[in-house]
Every structure is written in C-alpha cells, then in structure tokens.
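> Quick check, what structure comes out for this input:
(chains A and B)
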2 protein chains.
Amino acid sequence: MSLERIEHRACFGGWQDVYRHRSTVLDSTMNFAVYLPPQAAQSRLPVLYWLSGLTCNEQNFITKAGAQRYAAEHGVILVAPDTSPRGDDVADAEGYDLGKGAGFYLNATQAPWASHYRMHDYIVDELPALIEAELAASDVRAISGHSMGGHGALSIALRNPGRYRSASAFSPIVAPSQVPWGQKAFTAYLGEDRQAWKAWDTVELIASAREHLPLRVDQGEADEFLREQLRPELLQAACERVGHPLDLRLHAGYDHSYYFIASFIGEHVAWHAQHLR
Amino acid sequence: MSLERIEHRACFGGWQDVYRHRSTVLDSTMNFAVYLPPQAAQSRLPVLYWLSGLTCNEQNFITKAGAQRYAAEHGVILVAPDTSPRGDDVADAEGYDLGKGAGFYLNATQAPWASHYRMHDYIVDELPALIEAELAASDVRAISGHSMGGHGALSIALRNPGRYRSASAFSPIVAPSQVPWGQKAFTAYLGEDRQAWKAWDTVELIASAREHLPLRVDQGEADEFLREQLRPELLQAACERVGHPLDLRLHAGYDHSYYFIASFIGEHVAWHAQHLR
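Next up, the predicted model:
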C-alpha cells in the first residue's frame, strides 16, 4: 500500500503532514492529516484519532483547532481523516448532511451507498494498520471528534472494546436514532429497520457496554444544534441507567464552532495523554 | 459611526467577534475582527493590531493562528482588519498581489486606486478611534502582521513614532522597493517615482528613525518566498547601519503558512504584552 505525502509543514517543532492513499475498504482515494510531534523523531508514539463533523474534510481540524501545540507538549500523534469516501464514482445526495462529507462513520448496507460508505472499517482497521506500519505510531490509540465526528468517536470506541484507551467528543450527536440528522442518514445508509440502527447509536451502545470506557463530552450551551440534534441529556441518562462513567461538561456561552473546540482541545489532549501512557 | 456585530463566539473565556462598519477613510464597508479576552469585562485593555497578508481578509488570523489563548492569558485585545477596501465600486486588478486583498497598508496616490486605497490612514487613525470609543480598548497599542501585513506592521510603526509600543512581524516584506511584490504594488499605488516609495519601505524608514522601537521579526528558513520577496537580511543590515535594535529569529524548517504563525504567535503576544504594560 503506498502513501503519498502531499503536505509537509513544520509546526510546533514537529510536522503537520497530509497523505493521500488508495483505500481498499472504501474503494476511494483518500486524504488524511497527521501531526507528528517532535518526539516522533525518537520513538513510536500513541495516536489520538480525530473525526470531524458534517461538511468537513481532513483540513478543518488541522487548520482551526490549534491542537498541535498540545500534541507536541504530550508526545501524541494526531490523525485526522476525511469524513466520507470521495471521487466521481462515489454516491452523493443533495444537502450537506448525507453523502460526501457526511459518512457518519458506519458501514452502509443500502444501495447506492454500500459500495463505498464503509467509514467504520476504514477508521477502525485500514487507517490504523497503515499508520502503524508506515509512520512512527504505536498501536496505543484514543479517539475524539466533533458533532457527527463525536458520534463517530463514541460509537466506534464502544463498538470496539479494548481498541481505544479513551474516547471524547465535542458537541456529539449521541442518539442518532432519535434526531433528524441521524434519522436521515441511518435511513439512507442502513435502511428502514430501526433494529439495525442500534449497533451505530451511542446511547444504545452504552446500554450494552461490557467494559467501562473513559468517556469525556464537552458541550456548549449556546450551541445552535443542542436541543434538536445533539441532546447530551440522553447520553447522561443512558450512562446513569447502567452506571457507566461519563465526564459531561457544559459550557455557558459556547456554540458549535471551532472556537469552542480550540478553547478546550488542550484539556482533551491532556486527558487522552494520561490514558495513553 | 455605527458598528454592526456580525459574529459573536465564545472563545477561551472571552469573545471572538466580527464587526462591520462604513469606513469614511476608505469609502467602503469593512469587516474587522476583535478578540475580547475575559479581562475586557472588567477594564479597558491594550490592543495588539494584526495585519494579514496577501489574499487574506479579517477571518484568516482569527481562525488559523490560535492567538486567542495567549491574548486571554495576557489580557490583550486582538484586532484583525481586512487587507484592502472592498465593494463593487473599488478598483481591482488581475492577480492576487494587487487590488482587493492586497492594499499594502499605504495611501495610494495614483488612479484608479487613490479614491479607496488608504489602508494606512484606516489602520492608524480611523480604526483605533472607533475601537477605543466603542469597545473596552485603551489607547495603548502594539502592532504585528504576516508577509504583506508584516510590511504593514513595521512600516506603520516606524512612520508613526510613539503610536505603538512595539512592532513585530512574521515573514515580512521588509524592502518592498527592492522585491517584485512591492515593486508591482508601489508602481501601481504610488507611481513610477521611486523617491515616493521610501516613505513606505521599512528598510528606508529604519535609516531615518529618530526613536528606537522594540522590533521582533520571525522568519522561517523553508519559506518559499524568502529569497525573492522577503529578504530579512536587508532589514538586518539596515538596523546594523544605524544601530537600531532588532530581534530577528530564523527558524529552520518553517514555511510561509499559518502553521508557522501558530507555532510562534504565543511568544509574540507575550513579548508585546510586556511592552504594553
């Protein structure tokens, strides 16, 4: 498998790179971003995967979050993949919340999506295998994300016990089966049978989690999507029902933007770094 | 004079805002960005003006530099204006390095530019007057910028002794009269008479500076524009000739991008904060 490095920029003593490769799982040419902190020149480092939200690609997090400073401080590699398969042969839809830029980090089962939209397997298997083989990355992993990517981070960590030391999210969609963004995407990607949705829904997955995963969620109280799409109280209630730990932090005044992420990403990187040790 | 707030986002305990107003000096409707750190709720604070480079508007610095964290730490307001007048009636040119997005922070004297392109007076007079009247800003000022904006910061501070406590720049155009970007812009905005260019050229202004201004310049050694357009050695030689202090720092590996700015903006904000006390 060949990796082409298409960006390479010094940043906080390390390197902010972007790679392009052909994904077998997605049958698509994909970009992903990697921040290699200065410590990567000496040893293999743990990796924090970042999953972005609707409309994003691999650029948003690396240009707007300011996370590299903290990754350099803690000796953690950051990996930020794209949010969907790409290319002229990949199915798409009207609207920003389905199709390209909106893969929802699941494996689609329905036409026309099933042939390319397998972001779960790409994030969980193919991408880490590549990164751990080709870069200075160990197999010690954590995962985080924003909005749709917060859904991705939490659901992926819960579906794959033992694979991630910790999972966190900013403004996540915690109950896609119960909110418009999730219902639209799940109907298209997974079909009408709501039973099949449960395997991709954080609130449902918490109910059946066998192990306790360190979980942190930050949510802005001025988030324009809070009440209709995000509904962190559903995650809080689900965790309370089964006694699953959850560090849910509400922040007065903060909205859904990268200014919110930038304000608290340092605390997330530090928290993951503790678990990655 | 009326200010319309068009963005208002919580960020590091303060507010990242964008305002729109009608500029008399530019005869143009302008956006500018303001970061108000949490301390602005209690008292008037000093202001660090940031001048962006070619092609930028008021958004680039606030979304990509990660400077808000440091402004909150030091209690400094950040103001990031646009890089030229805007609007359908404003003259423009082919190419990214003349016209809109490329005002060069001077007062144009030539047609068709002279009627709107007066960015010097806007930055030095109209904008601070507005900010100091309408926001929690004191009249204690510092100035910084990148590339064309580095030229702007240094030349503006040198032209206006006493008005800024300190001036710094990332990857500045220090000798516009001697490099292609500057020669193209100065010919258009100021005309063929090179004598008139001297009043807008940092290397020329240093030679006649009556006061010593605290000056810091950071430059990446992998900057793709270093040898043809930026030429910091000309500034270094000019400062040495007249004994003007200059803290010029060269950084191996760093390029012209915001990843370079993000890596060192914290040190610039801390340095300006010392002078702003």
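> Okay, now the unreliable bits of the stretch 151-277 of chain A?
Nowhere does the stretch 151-277 of chain A drop to pLDDT under 70.
> Return the residues of it in contact with chain B.
A:220, A:222, A:251, A:253-255, A:257-260, A:262-263, A:266 (Cβ under 8 Å from any Cβ of the partner chain). In short, each C-beta sits where N, CA and C put it, glycine included.
> Mind putting those residues into CSV with distance to residue B:142, neighbour count and secondary structure?
Formatted as CSV, these follow (distance: Cβ to Cβ, whole Å; neighbours: other Cβ atoms under 10 Å in any protein chain shown; DSSP: H, G, I helix; E, B strand; the rest coil):
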residue, distance to residue B:142, neighbour count, secondary structure
A:220, 31, 26, strand
A:222, 31, 15, coil
A:251, 30, 18, strand
A:253, 28, 15, coil
A:254, 28, 24, coil
A:255, 29, 20, coil
A:257, 27, 21, coil
A:258, 26, 23, helix
A:259, 23, 23, helix
A:260, 28, 24, helix
A:262, 23, 20, helix
A:263, 24, 27, helix
A:266, 25, 19, helix
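> quick one: the helix or strand hosting residue A:218 to chain centroid distance?
Here residue A:218 sits within strand A:215-220, counting by DSSP states H and E. Offset of strand A:215-220 from its chain centre (Cα atoms, centre = their mean, to the nearest Å): 14 Å.
> now the strands: where do they sit in the stretch 101-250 of chain A?
A:137-146, A:167-170, A:215-220, A:247-251 (DSSP state E, counting those that start in this stretch).
> Check which strands are paired with the longest one and give the direction for each one.
Each strand that pairs with strand A:137-146, with its direction, by DSSP bridges: strand A:45-51 (parallel), strand A:167-170 (parallel).
> out of these, deepest packed?
Mean neighbours per residue, mean count of other Cβ atoms under 10 Å in any protein chain shown, is largest over the strands paired with strand A:137-146 for strand A:167-170, with a mean of 30.
> wait, what's in contact with residue A:5?
Applying Cβ atoms under 8 Å, 6 or more residues apart in numbering or on different chains to residue A:5 gives the contacts A:17-19.
> out of these, who has the most neighbours?
Within these, residue A:19 tops the neighbour count with 22 neighbours, counted by other Cβ atoms under 10 Å in any protein chain shown.
> just checking, what packs against the helix or strand it falls within?
Secondary structure from DSSP H and E places residue A:19 in strand A:14-23. Here strand A:14-23 touches strand A:3-11, strand A:28-36, helix A:59-64, helix A:68-74, going by 3 or more Cβ pairs under 8 Å, 6 or more residues apart in numbering or on different chains; DSSP states H and E.
> on that earlier part again, quick one: list the elements packing against the strand holding residue A:218.
Packing partners of strand A:215-220 (3+ Cβ pairs under 8 Å, 6+ apart): helix A:148-159, strand A:167-170, helix A:232-242, strand A:247-251, helix A:258-276.
> which residues are contacting that strand?
Around strand A:215-220, the neighbours that count as contacts under Cβ under 8 Å, 6+ apart are A:150, A:154, A:166-172, A:174, A:226, A:230, A:232, A:235, A:239, A:244-251, A:253-256, A:260, A:264, A:268, A:271, B:10.
> now those: which count as buried?
A:150, A:154, A:166-172, A:174, A:226, A:230, A:232, A:235, A:239, A:244, A:246, A:248, A:251, A:254-256, A:260, A:264, A:268, A:271, B:10 (16 or more other Cβ atoms under 10 Å in any protein chain shown).
> residues near the nearest residue to residue A:155 once chain neighbours are set aside, how many?
Nearest non-adjacent residue to residue A:155, counting by Cβ to Cβ, 6 or more residues apart in numbering or on different chains: residue A:202, 5.0 Å away. When neighbours are counted by other Cβ under 10 Å, residue A:202 registers 32.
> mind checking how far residue A:202 is from residue A:14?
32 Å (Cβ to Cβ, to the nearest Å).
> Please apply the same query to residue A:144.
From residue A:144 to residue A:14 the distance is 19 Å (Cβ to Cβ).
> So which of these two has more stuff around it?
Using other Cβ under 10 Å as the criterion, residue A:144 and residue A:14 rank with residue A:144 on top: 32 against 24.
> isn't that one right next to residue A:268, touching?
Yes - the pair residue A:144 / residue A:268 is scored as a contact, 5.8 Å apart, by Cβ atoms under 8 Å.
> where do the contact lists of those two overlap?
Joint contacts of residue A:144 and residue A:268 (Cβ under 8 Å, 6+ apart) are A:168, A:170.
> who are the neighbours in contact with the nearest residue to residue A:158 once chain neighbours are set aside?
In space, and not counting its chain neighbours, residue A:158 is closest to residue A:205: 4.0 Å by Cβ to Cβ, 6+ apart. With contacts defined as Cβ under 8 Å, 6+ apart, residue A:205 is in contact with A:154-155, A:158-159, A:198-199.
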